[in-house]
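**Student:** Sequence first, then the predicted structure:
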Amino acid sequence: MCGIVGALSKGPVAELLVDALKRLEYRGYDSAGVATLENGRLERRRAQGKLRNLEELLKSEPLLGNTGIGHTRWATHGKPSEINAHPHMTDDVSVVHNGIIENFHELKAELLAEGAPFTSDTDTEVIAHLVTRELRAGKDPVTAVFHILNRLQGAFALAMIFQGYENLMIVARQGSPLAVGYGDGEMFVGSDAIALAPFTDKIAYLEDGDWAVLTREGVAIRDRMGAGVERPVSQSQTGGLVVDKGNYRHFMAKEIHEQPEVVGHTLAHYLDLANSQVNLPALPVDFAQVSRLSLSACGTAFYACLVAKYWFERWAKLPVDIDIASEFRYRETAMQPGGVALFVSQSGETADTLASLRYCRQQNQQVLSIVNVQESSIARESNAVLPTLCGPEIGVASTKAFTCQLTVLACLAIAAGKARGVIGPEREAELVKALVEVPRHMAAILNDEHAYEALVHSLSKARDVLYLGRGSSFPIALEGALKLKEISYIHAEGYAAGELKHGPIALIDEEVPVIVIAPRDELFDKTASNMQEVAARDGKIILVSDADPAATGCAIQTALSVPSVHPFVTPLIYAVPVQLIAYHTAAFMGTDVDQPRNLAKSVTVE
Ligand code: AGP
């Protein structure tokens, strides 16, 4: 994830900004930069690599000025380099950005056609040129920014300063977090409260769609329509913490809301967004030569593998063997020499997964792993590692790690399909486009979060809850059931909807909520008939779908609407509703959401 800081200070800001960026190093980065206003003129210093390189540069070429912005970049569009490091600027405006501008292709083409002098490969630079075009058309900075915000599509956070405006900073939040810090005659912005801790503990978090005009006297926060809004100012408890809950009640809530940002960040690491292609690091595997792929993991990570089985087999025509690691490690299955085994683990320390990996090494398999902790045991013992880049996941119930695991697996499945000659350029561009839109759709669901709070009263009283899904929604039904039971302690089961008549239908009565994961896809009608069977037995259906509930042909107690998306990415999108259902039910019940009873974040013993 990239990191953003900004300050309208009483004294020089350059070194303050670098100190604040150091507190964002946990987010990972490959370059950094700051820009300030020196006597009204925009000046910038950028350096590839660690912040000490930027500090050295500032020692030799100091930046003056009491107004500034800073950024740590993890390469998205354009390789890690000084020229692609933020801030990006023209003579009129300097901007730092965290997230993805989905429609930057057409914006850049439009600006290039007018002669805009681009210098980088980044999507961010289009923002600088769009604002500049408005400023040179005579608009003031506030009007200029409001005008261009509506042209940007994607999930992002921005901070901008302007030539000649010492007492002005404009920021915006759409899918990626941004906090405003209140000082005494000073104002600050940062990606989170941690960055702002050196300046202030009085924090207001912008909501999605908010943009804000800061001066040293205060801040005017506006919504996406330009109307003034108020956001609560709280006292941050960050102190020396490297990770904090921000203004969320639980880490799990914060991590659910981080998903548009961290999925976007992970996507950018595995995709060439400029050319709508996958762009994986070199792997010791030629998928064209692989006859079968073995997947193994535990818990939520296993459900990510189960989704991936659908993806590899449908889109790459690659047969997949899959098993939970605690069973796989003792089956002593025969494995074809030179086969490929892929392990997925947030912690990278899960004992059963590690033991299964070691078995595969003994069977001379090429071992790949998808982990969130890159220095973990599983990572160290793999032939190649594909990181999930979602930052520290503190809540025991895995959320952002799960969707980032899905993100990596989706990119890997496309790469495998390309290598096996079953995915051509057009199909690749189609699937990559669907992935690039995921952060925005996740943000839309999160903006509709109040719809989930209404469910908790009935769900919290349930004895048993049934989750149903078909195809790649079946693993999401399993994941939804796991989420609910592990944090609310309500018994829940996930089932393939087609299995209903083979037993589980005996459970159905008016006391059993049935949560149905049903995108409007080729399987929807079959799932609708399952819903009719449930309704005929007085089952209470909670439908999670982009379809009109009337299309089910039966009574729906609650319909949770989801954006219509490409079938390829429905597991990523539908993961968020099942997380929200579990979270709000458990939060309402008052269980220990972040540290549920009997559970550990990493199961390092059998
Ligand atoms: C998920 O919410 C659970 N906390 C648990 O099932 C977890 O996914 C499982 O223990 C695997 O952990 P890992 O990803 O660190 O290997």
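**Tutor:** Now that the structure is in, tell me what you want to look at.

**Student:** all contacts plus neighbour counts: C-alpha atoms, from now on.
**Tutor:** Will do.

**Student:** and residue 544, bridged to which residues?
**Tutor:** On the basis of DSSP bridges, residue 544 is bridged to residue 517, residue 560.

**Student:** pLDDT below threshold where in the stretch 1-150 of the chain?
**Tutor:** 1, 26-28, 76-77 (pLDDT under 70).

**Student:** in a strand, that's where residue 554 is, yeah?
**Tutor:** No. Counting by DSSP: H, G, I helix; E, B strand; the rest coil, one finds residue 554 to be coil, located in no strand.

**Student:** Just give me how far stretch 107-123 sits from the chain centre.
**Tutor:** 27 Å (C-alpha atoms, centre = their mean, to the nearest Å).

**Student:** For it, which outside residues touch it?
**Tutor:** Here stretch 107-123 makes contact (C-alpha atoms under 8 Å, 6 or more residues apart in numbering) with 76-78, 83-84, 100-101, 104, 125-126, 129-130.

**Student:** now with 10 Å?
**Tutor:** Applying C-alpha atoms under 10 Å, 6 or more residues apart in numbering, the contact partners of stretch 107-123 are 75-79, 81-86, 88-90, 97, 99-106, 125-130, 132-133, 151-152, 273-274.

**Student:** now swap in stretch 518-527 and tell me
**Tutor:** For stretch 518-527, contacts defined as C-alpha under 10 Å, 6+ apart pick out 468-471, 473-474, 477, 496-498, 516-517, 528, 530-531, 533, 543-548, 551-553, 561-567, 570-571, 573-574.

**Student:** same thing with stretch 495-503?
**Tutor:** Contacts for stretch 495-503 (C-alpha under 10 Å, 6+ apart): 466-478, 481, 504-508, 516-518, 526-531, 533-534.

**Student:** In stretch 57-65, which residues are buried?
**Tutor:** Within stretch 57-65, the residues that count as buried by 16 or more other C-alpha atoms under 10 Å are 58, 63-65.

**Student:** which of these lies closest to residue 262?
**Tutor:** residue 58 (30.1 Å; C-alpha to C-alpha).

**Student:** just to revisit the earlier point, from the contacts of stretch 107-123, which ones fall inside helices?
**Tutor:** Secondary structure from DSSP state H places 104-106, 125-130, 132-133 of the contacts of stretch 107-123 in helices.

**Student:** And the buried ones among those residues, selectable in ChimeraX?
**Tutor:** Of the ones in helices among the contacts of stretch 107-123, the buried ones go into a single ChimeraX selection, burial set by 16+ other C-alpha under 10 Å:
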select :104,125,126,127,128,129,130,132,133
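
**Student:** residues contacting residue 374?
**Tutor:** 346-348, 380, 385-389.

**Student:** Quick check, residue 487 in contact with residue 599.
**Tutor:** Yes. With contact defined as C-alpha atoms under 10 Å, residue 487 counts as touching residue 599 (9.4 Å).

**Student:** For those two, list the residues in contact with both.
**Tutor:** 396-397.

**Student:** higher neighbour count, the two?
**Tutor:** Taking other C-alpha atoms under 10 Å, residue 487 and residue 599 do not tie; residue 487 has more neighbours (25 against 13).

**Student:** So which residues on the stretch 351-500 of the chain come close to the ligand?
**Tutor:** 396-398, 483 (C-alpha under 6 Å from any ligand atom).

**Student:** Neighbour-wise, give me the winner out of those.
**Tutor:** Top of these by neighbour number is residue 397, holding 29 neighbours under the definition other C-alpha under 10 Å.

**Student:** pLDDT below threshold where in the protein?
**Tutor:** Checking the chain against pLDDT under 70 turns up 1, 26-28, 76-77, 237-242.

**Student:** Show me what from it comes close to the ligand.
**Tutor:** Checking the chain against the ligand by C-alpha under 6 Å from any ligand atom, the hits are 298-301, 345-348, 350, 396-398, 483, 601-603.

**Student:** Between all of the residues you listed, which two are separated the most?
**Tutor:** 348 and 483 (20.1 Å).

**Student:** Do I have it right that residue 472 meets residue 313?
**Tutor:** No. Using C-alpha under 10 Å, residue 472 makes no contact with residue 313, being 11.3 Å away.

**Student:** hang on, the earlier thing: can you list the ones in helices among the contacts of stretch 107-123 in TSV and add distance to residue 331?
**Tutor:** Shown next, in TSV, are these (distance: C-alpha to C-alpha, whole Å):
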residue	distance to residue 331
104	50
105	50
106	53
125	54
126	55
127	55
128	58
129	60
130	60
132	64
133	65
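
**Student:** which one of the ones in helices among the contacts of stretch 107-123 is nearest residue 222?
**Tutor:** For these, the residue nearest residue 222 by C-alpha to C-alpha is residue 127; the value is 19.2 Å.

**Student:** Next, give phi and psi for the nearest residue to that closest one once chain neighbours are set aside.
**Tutor:** Distance criterion C-alpha to C-alpha, 6 or more residues apart in numbering; nearest residue to residue 127, sequence neighbours excluded, is residue 95 at 7.5 Å. Torsion angles at residue 95 (phi, psi; degrees, to the nearest 10) stand at phi -140, psi 140.

**Student:** Could you pull up the contacting residues of residue 95?
**Tutor:** By C-alpha under 10 Å, 6+ apart, the neighbours of residue 95 are 34-35, 69-71, 86-89, 124-125, 127-128, 131, 158-162, 170-171.

**Student:** cool, and residue 589?
**Tutor:** 456-457, 459-461, 487-489, 583.

**Student:** Now, of those, which are buried?
**Tutor:** 456, 459-460, 487-489, 583.

**Student:** would TSV of these with secondary structure be doable?
**Tutor:** As requested, these are arranged in TSV below (three-state DSSP):
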residue	secondary structure
456	helix
459	helix
460	helix
487	helix
488	helix
489	coil
583	helix
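
**Student:** quick one: which of those residues is nearest the ligand?
**Tutor:** Using C-alpha to the nearest ligand atom, residue 487 comes nearest to the ligand of the buried ones among the contacts of residue 589, at 8.7 Å.
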